[in-house]
Structures are given as C-alpha cells and as structure tokens.
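Asks: I need the structure of the sequence given here:
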Amino acid sequence: MGLVITMSRRYGTGASTIAKELSERLGLPVYDKVNVEQEVRKNAFETEAEAIRELAEKPCIILGRCASEILKDQSNVFNIYVCADKEDRIHRVMEKDGLSYEEAVKRIEETDAEREKYYYQHTGRTWGDVSDYHIILDTSEWGIENCADVLIRYFERMQYI
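Replies: Residues are numbered from 1 along each chain as shown. Purely as a prediction, here's the structure:
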C-alpha cells in the first residue's frame, strides 16, 4: 500500500497550495471536502469516514475531514498539520479573496471555529493536538514555497517514495 498523506490546517495557511504542489510532484490525487462529499453521494457511503477509508486504499493526499484520525491505524499514513501566524494568514486571505482586513479576520475566525467544532464532533478530540501529527509545518517560518520541498526530501530520506 502506497503513501497516504493527510493534511490538517488552519484557514489561510497555504496548505492547499502545498497539497497541490505535492500532488503534481508525486502524481497523487488530492481530496478535499468537496471530493469526499461527492464520493459519499456517488458511492452511497453512509459516512465520510467510509469514503475516506476507500480513497486511502490508493496513494493520495486528503485535506481535512478528520482523515488523520480516521486513518490513524494505517501504517502507510503520514499526518501533517499546517499552521501560520495569524497576521500572515489574514494578509494571505485578503489577497487571495479580495477582502478587507476586518473581513479576512472574520472569515479566518469563523472557518477555524467551524473546523475545530467539526473535528471535535467527529473525533471527540482537540483539533490541532500536536500528538496527532507526524510533522507540523509553519508556513510563516518555512514559507509556503519551501514546504513541499521539505516534505519531498523527508519522504525520500525515509524511503516513503
């Protein structure tokens, strides 16, 4: 069974960009909320967890959806948490979505609160607990553009790829 990467993230960290670059470089599909929900409808799964388990039967990257917890017992899964300083996130969201500073703050706070609530409701655990992840990437420190390189080098060194 090949490498399955899960990526949890705070809103505005650039995790989607990192996932896209990893996808291109590793030739792996990326699944996010929309893809998982489509999979549930298409294959009549009762839960997103069932859909995620089926998607993870092949190498892939899964963004969010409690995938790190759902797949925690699989030895081929590598869990990543992406964070960044709030000011960096605010400016990234302002630029990406064309929002004012205040609108970006509101969107970040609302989205993070929704993700935290979703994670707790589905796992009973605290979202972002460092013990749930193999690596934490701080895009404020590393830069979004460097994170995929760091991960690729690590995966090669550990012979995951």
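Asks: all helices of the protein, in order?
Replies: With helices called from DSSP state H, the chain shows them at 15-26, 33-43, 48-55, 67-70, 86-97, 101-123, 139-142, 144-157.
Asks: residues of the helix or strand bottoming out on mean pLDDT in the chain that come out buried?
Replies: Within the chain, judged by mean pLDDT, DSSP states H and E, the helix or strand with the poorest mean is helix 33-43; its value is a mean of 91. Residues 35-36, 39-40 are the ones in helix 33-43 that count as buried (16 or more other C-beta atoms under 10 Å). (Each C-beta comes from the backbone N, C-alpha and C, glycine too.)
Asks: got CSV for those, with distance to S131 too?
Replies: Shown next, in CSV, are those (distance: C-beta to C-beta, whole Å):
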residue, distance to S131
N35, 27
V36, 24
E39, 28
V40, 29
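Asks: pLDDT below threshold where in the protein?
Replies: 1 (pLDDT under 70).
Asks: the same query, at a cut-off of 50, please.
Replies: Within the chain, not a single segment meets pLDDT under 50.
Asks: look up how far I90 lies from the closest residue to D85 other than its chain neighbours.
Replies: Closest residue to D85 apart from its sequence neighbours, by C-beta to C-beta, 6 or more residues apart in numbering: S140 at 4.2 Å. With distances taken as C-beta to C-beta, to the nearest Å, S140 is found 12 Å from I90.
Asks: between the two, who's got more neighbours?
Replies: I90 (20 against 16; other C-beta atoms under 10 Å).
Asks: who's in contact with that one?
Replies: 12, 101, 104-105, 108 (C-beta atoms under 8 Å, 6 or more residues apart in numbering).
Asks: between those, which sits nearest A148?
Replies: Taking C-beta to C-beta as the measure, G12 is the one of the contacts of I90 closest to A148, at 17.7 Å.
Asks: count of neighbours near that closest one?
Replies: Neighbour number of G12 under other C-beta under 10 Å is 24.
Asks: wait, I136 touches G128, no?
Replies: No: with contact defined as C-beta atoms under 8 Å, I136 does not count as touching G128 (9.0 Å).
Asks: intersection of neighbour lists for those two?
Replies: 81, 83.
Asks: who has more neighbours, these two?
Replies: When I136 and G128 are compared for neighbours, G128 comes out ahead with 17 against 13, by other C-beta under 10 Å.
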